[in-house]
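Asker: A structural model of the following input is requested.
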Amino acid sequence: MKFFIGQQVEHRRFKYRGVVYDVDPEFSGTEEWYEQMAISKPPKDKPWYHVLVHEADHTTYVAERNLTSYEGTGYIDHPMLPGFFDGFKDGVYFRKGRH
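Answerer: As a prediction, the model looks like this:
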């Protein structure tokens, strides 16, 4: 997997940034969701990431090929962030109880 839980990422096409809070080794959604939402038809047999979107209150489910690492060190503003992370250093979040 290219990205890790707590890492900030940016969507290549839509340019939003966020933080990874979970990873699936391959697509685990429904076929209906994939057909409706995965417009570019990314591979299902590669990692997919659950992302808390900065300055939003929703999450996204994104294929690895649609993400790039975010090189900044700013905070993520998301209401669910405290439920997953309780530490932050140099742009990386630490899962609760893991630092």
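Asker: Output the longest strand seen in the chain in PDB with nothing but the alpha carbons.
Answerer: Scanning the chain for the strand with the most residues, using DSSP state E, yields strand 17-24. This file holds the C-alpha atoms of strand 17-24, laid out as PDB (Å, rounded to 0.1, in the frame of the first residue of the first chain):
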ATOM      1  CA  ARG A  17      -7.100  17.000   0.700                       C
ATOM      2  CA  GLY A  18      -7.700  14.700   3.600                       C
ATOM      3  CA  VAL A  19      -6.300  12.200   6.000                       C
ATOM      4  CA  VAL A  20      -6.500   8.400   5.600                       C
ATOM      5  CA  TYR A  21      -8.400   6.700   8.400                       C
ATOM      6  CA  ASP A  22      -8.700   3.200   7.000                       C
ATOM      7  CA  VAL A  23      -7.400   1.100   4.100                       C
ATOM      8  CA  ASP A  24      -8.900  -1.800   2.200                       C
END
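Asker: what about R17, how many neighbours?
Answerer: Neighbourhood size, R17 [other CB atoms under 10 Å]: 20. Every C-beta, even on glycine, is put in place using the N, C-alpha and C of the backbone.
Asker: An error on my part: the question was meant for R95.
Answerer: With other CB under 10 Å as criterion, R95 counts 13.
Asker: strand partners of the longest strand of the chain, parallel vs antiparallel please.
Answerer: Applying DSSP bridges to the sheet, strand 17-24 is found paired with strand 8-11 (antiparallel), strand 48-53 (antiparallel).
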